[in-house]
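Student: Provided below are the primary sequence and the corresponding predicted coordinates.
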Amino acid sequence: MKTKKSTKSSEVVLFPQQPALRLIYDNAPIGLACLSLDCRYLQINQRLTEICGISVEDHLGRSVRECVPALADSVEAIVRSIMETGEPVIGIEVAGQRADQVEGRYWVTYWHPLRTPGGEIVAVNVAAEEITERKRAEGRLRVQHTVAQILAEAATIEEVTPRILRAIGDCLGWDVGALWRVDREAEALRCVELWHKASIEVPEFERASREFTFVRGLGLPGRVWSSLEPEYIPDVVPDENFPRGHSAQREGIHAAFAFPILLGREVLGVIEFFSREIRQPDQELLNMLATIGSQIGQFIERKRAEREVHHARDAAETALRRLRETQDSLIEAEKLAALGRMVAGIAHEVNSPVGISLTVATSLQQKAAEFAAEAARGDLRRSSLNAFLDLVQAATAQLVKNLGRSAERIQSFKQAALDQSQAHRRDFDASELTEQVLSHLTRELKQRAIVLNLHCEPGLVMDSYPGPFGQVLTHLVVNAMTHAFPDGLDGTIDVRISAAEPDLVELRVADNGCGMAPEIKRLAFDPFFTTRRHNGATGLGLHTVYNIVAEQLGGTLSLESEPGLGTTVQLILPRSAAR
């Protein structure tokens with residue numbers, strides 16, 4: 001291959017007499033050029049002029065630094081590397097601008113040394129392929145993936161807004177981004193977050209953005225709010241509906257786009273971005289941004305719904321807790337009221353016999369004092385002694401009579417109470433009633449981490465009193481929950497109901513809790529004994545359960561308990577309670 005110098009001493013014409021080769025060179029599908037070792041253009045083909053927006057006449061014989069100053073440093077570094085190593089440099093991506101435009105472009109380049117027959121490197125051949133559209137497509141895919149990942153990991157939109165702005169700016173190659181939220185009271189958009197590349201500063205534009213508010217149709221955010229569609233401005237400086245145009249011009253801001261954060265047809269906010277380049281509208285970009293805006297809107301609505309559900313659940317749990325507390329208070333109050341009624345009734349019934357007894361005792365006390373005084377004076381006569389003894393005998397008889405009347409009144413009061421409680425005797429399935437009663441305790445058992453094992457034999461029909469039966473069962477299970485597992489310890493409660501004999505039913509309530517100390521077990525059935533006074537309860541304890549079982553249900557109750565080995569309560573009940 002021969003070369004000869006043209007009228008420009010630095011220009012080398014490679015194909016002076018070979019038009020066919022020149023035709024192939026000019027019509028190659030990629031850009032081609034040949035650079036001298038001092039980085040001057042020796043040859044340029046037609047495709048490279050199209051890619052770079054240049055002309056052959058303007059570049060042949062001139063240096064890269066003269067023609068493309070922004071790329072001069074990187075080009076010179078590559079040429080030096082080829083001269084030093086003799087090796088080609090493959091696949092270098094170059095970002096820059098066409099000579100006839102200000103918008104950024106991307107190329108992938110391949111650099112090979114051009115040698116003489118003796119192996120001396122005399123020039124460098126360059127091949128360039130534009131990849132601007134591919135880079136933009138990759139950026140769009142990357143930003144969609146990144147934003148989706150950010151939203152998937154986020155708890156609130158406020159915490160991830162800076163990350164979303166940075167992701168969009170970095171992936172798409174834009175310089176400044178801002179988020180505007182709708183102020184419903186003022187019916188205006190306010191800037192709540194602003195991001196810019198670390199390599200630039202835009203203090204005046206940032207200040208203007210934070211100070212401005214936009215109503216529908218005003219400025220870029222207001223236009224998006226009004227149209228519900230993404231908007232693109234190639235250059236904001238001459239735009240008449242861009243109130244921040246003065247600060248944008250001073251700080252070199254030009255192209256802009258904005259898109260709405262939508263929930264259905266409601267605009268929740270607007271995101272806008274700016275570039276220091278003039279860029280032409282990109283419909284695929286706008287379509288992608290519309291999708292991202294909808295994703296962010298759905299995220300905000302989902303988090304809003306989650307907060308409402310969380311608040312509703314908290315309110316329901318609080319209401320339920322207060323209801324349970326109220327129920328417990330009512331139960332305790334009813335117990336106290338019942339106890340008060342019983343005591344008042346007993347007091348009323350025995351008041352008269354006791355009053356008479358008190359009168360007799362007072363009279364006897366006076367006579368004894370008179371008798372003692374006579375004895376002290378030495379005036380005691382046998383007649384006085386006999387009279388005093390007769391009085392003592394009569395008073396004693398009267399006291400015995402009055403105490404008997406009091407006992408009769410108490411027994412009568414007790415029988416009346418029992419008769420009243422037994423008024424609702426009927427046939428019922430004991431297994432079904434057991435399951436129904438325990439279903440109301442399921443929530444509390446779960447909260448205490450207590451496992452309930454229920455074993456019910458079907459077909460256990462009883463002719464008895466379902467109310468007292470359910471009361472006894474509830475008391476035994478609640479007693480096990482609250483006493484067998486102190487300090488929040490979890491455990492197991494086993495409830496088993498089965499046929500003991502043809503006419504008997506066995507109900508067992510067993511736990512694997514802390515059990516009872518011997519002194520507690522001895523007092524468990526005593527009247528008014530309870531281990532719950534420490535937490536403010538006033539229950540009547542197992543004595544009440546024992547009386548209900550014995551007197552209303554006609555059964556028997558037994559208790560087995562060892563410290564650390566749990567407690568078992570066994571009830572044997574007749575299928576038909578005595579009428």
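Tutor: Nice, thanks for sending it over.
Student: which residues touch residue 514?
Tutor: By CB atoms under 8 Å, 6 or more residues apart in numbering, the residues touching residue 514 are 483-486, 489, 563-564, 566. Any C-beta I mention is one placed from the backbone N, CA and C, and that applies to glycine too.
Student: for residue 200, same thing?
Tutor: Residue 200 neighbours (CB under 8 Å, 6+ apart): 175-176, 276.
Student: quick check: it vs residue 264, distance?
Tutor: Distance of residue 200 to residue 264, computed by CB to CB, to the nearest Å: 37 Å.
Student: can you check residue 506 too?
Tutor: 63 Å.
Student: now swap in residue 209 and tell me
Tutor: The spacing between residue 209 and residue 264, counted by CB to CB, is 27 Å.
Student: likewise residue 249?
Tutor: According to CB to CB, residue 249 and residue 264 sit 37 Å apart.
Student: before we move on, what about residue 449?
Tutor: For residue 449 relative to residue 264 (CB to CB), the value is 44 Å.
Student: kindly report the same for residue 203.
Tutor: Distance from residue 203 to residue 264, counting by CB to CB: 38 Å.
Student: just the pLDDT at residue 377, thanks.
Tutor: Looking at residue 377, its pLDDT stands at 65.
Student: so what's residue 491 up against?
Tutor: Residue 491 makes contact with 450-451, 484-485, 511-513 under the criterion CB under 8 Å, 6+ apart.
Student: closest to residue 319 among those residues?
Tutor: Nearest to residue 319 out of these is residue 450 (CB to CB; 23.3 Å).
Student: tally of neighbours for the closest one?
Tutor: The local packing of residue 450 (other CB atoms under 10 Å) involves 21 other residues.
Student: correct me, but it touches residue 481?
Tutor: Yes - using CB atoms under 8 Å, residue 450 makes contact with residue 481 at a distance of 6.0 Å.
Student: shared neighbours of those two, anything?
Tutor: Taking CB under 8 Å, 6+ apart as the criterion, residue 450 and residue 481 both touch residue 493.
Student: and stretch 282-299, what's buried?
Tutor: 282, 285-286, 288-290, 292-297, 299 (16 or more other CB atoms under 10 Å).
Student: so for those residues, which is the shakiest by pLDDT?
Tutor: residue 282 (81).
Student: now that residue. Its backbone dihedrals?
Tutor: phi -130, psi 100 (degrees, to the nearest 10).
Student: care to break this structure down by domain?
Tutor: For the chain, the structural domains run 4-130, 136-307, 318-420, 426-574, going by automatic domain parsing.
Student: and the longest one, how far apart are its ends?
Tutor: Just to be clear, that refers to domain 136-307. Taking CA to CA, to the nearest Å, the first and last residues of domain 136-307 lie 38 Å apart.
Student: again with stretch 89-107
Tutor: By CA to CA, the extent of stretch 89-107 from end to end equals 14 Å.
Student: how about stretch 236-254?
Tutor: End-to-end span of stretch 236-254 (CA to CA): 5 Å.
Student: buried ones in that stretch?
Tutor: Applying a neighbour-count criterion of 16+ other CB under 10 Å, one finds 236, 239, 242-245, 247-248, 251, 253-254 buried in stretch 236-254.
Student: circling back: any chance of the contacts of residue 200 in CSV, with distance to residue 397, neighbour count and secondary structure too?
Tutor: Converted to CSV, the contacts of residue 200 look like this (distance: CB to CB, whole Å; neighbours: other CB atoms under 10 Å; DSSP: H, G, I helix; E, B strand; the rest coil):
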residue, distance to residue 397, neighbour count, secondary structure
175, 115, 20, coil
176, 111, 24, strand
276, 120, 19, coil
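Student: out of those residues, which one sits closest to residue 60?
Tutor: Comparing the contacts of residue 200 against residue 60 with CB to CB places residue 276 closest, at 31.5 Å.
Student: for the stretch 351-500 of the chain, what spans make up the helices?
Tutor: With helices called from DSSP state H, counting those that start in this stretch, the stretch 351-500 of the chain shows them at 382-421, 430-439, 442-447, 466-479.
Student: cool, the stretch 1-150 of the chain as well?
Tutor: Applying DSSP H, counting those that start in this stretch to the stretch 1-150 of the chain gives helices spanning 19-26, 46-52, 56-59, 64-67, 69-85, 132-153.
Student: the last one packs against which elements?
Tutor: Applying 3 or more CB pairs under 8 Å, 6 or more residues apart in numbering; DSSP states H and E, one finds that helix 132-153 makes contact with strand 104-115, helix 157-172, helix 283-377.
Student: residues making contact with the first one?
Tutor: Surrounding strand 104-115, the residues in contact under the criterion CB under 8 Å, 6+ apart are 31, 34, 51, 78-79, 82-83, 86-98, 121-132, 134-135, 173, 277, 279.
Student: can you select the buried ones from the residues you listed in PyMOL?
Tutor: Command for PyMOL that selects the buried part of those, burial taken from 16+ other CB under 10 Å:
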select buried, resi 31+34+51+78+79+82+89+94+97+98+123+124+125+126+127+128+130+131+135+173+277+279
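Student: just the contacts of strand 104-115: which are in strands?
Tutor: The strands, defined by DSSP state E, take in 31, 34, 89-97, 121-130 from these.
Student: off-centre distance for stretch 232-239?
Tutor: Taking CA atoms, centre = their mean, to the nearest Å, one finds the center of stretch 232-239 at 44 Å from the center of the full chain.
Student: who touches it?
Tutor: Defining contact as CB under 8 Å, 6+ apart, one finds that stretch 232-239 is touched by 220, 242, 244-245, 248-249, 253-257, 274, 278-282, 285-286.
Student: over to stretch 493-512?
Tutor: So stretch 493-512 is in contact with 430-431, 434, 438, 445, 450-457, 460, 462, 473, 476-477, 480-481, 484-485, 491-492, 565-576, going by CB under 8 Å, 6+ apart.
Student: swap in 6 Å and give it another go.
Tutor: Contacts to stretch 493-512, defined as CB atoms under 6 Å, 6 or more residues apart in numbering, come from residues 430-431, 434, 452-457, 460, 476, 480, 484, 491-492, 566-573, 575.
Student: that one: end-to-end distance?
Tutor: Stretch 493-512: ends 7 Å apart by CA to CA.
Student: sorry, back to before: and the helices of the stretch 1-150 of the chain, which is most packed in?
Tutor: Highest mean neighbour count among these (mean count of other CB atoms under 10 Å): helix 46-52, with a mean of 19.
Student: quick check: mean pLDDT across that helix?
Tutor: 75.
Student: by contact count, what packs against it?
Tutor: strand 31-36 (3 or more CB pairs under 6 Å, 6 or more residues apart in numbering; DSSP states H and E).
Student: report the angle between the strand it packs on and helix 19-26.
Tutor: Counting by axes from the mean of the first three to the mean of the last three CA atoms, to 10 degrees, strand 31-36 lies at 110 degrees to helix 19-26.
Student: may I have strand 31-36 as CSV, with CA atoms only?
Tutor: The C-alpha trace of strand 31-36 is given here as CSV (Å, rounded to 0.1, in the frame of the first residue of the first chain):
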residue,chain,number,x,y,z
GLY,A,31,-17.4,4.5,11.0
LEU,A,32,-13.7,4.2,10.0
ALA,A,33,-10.8,6.6,10.4
CYS,A,34,-7.0,6.6,10.3
LEU,A,35,-5.0,8.7,12.8
SER,A,36,-1.4,9.6,12.6
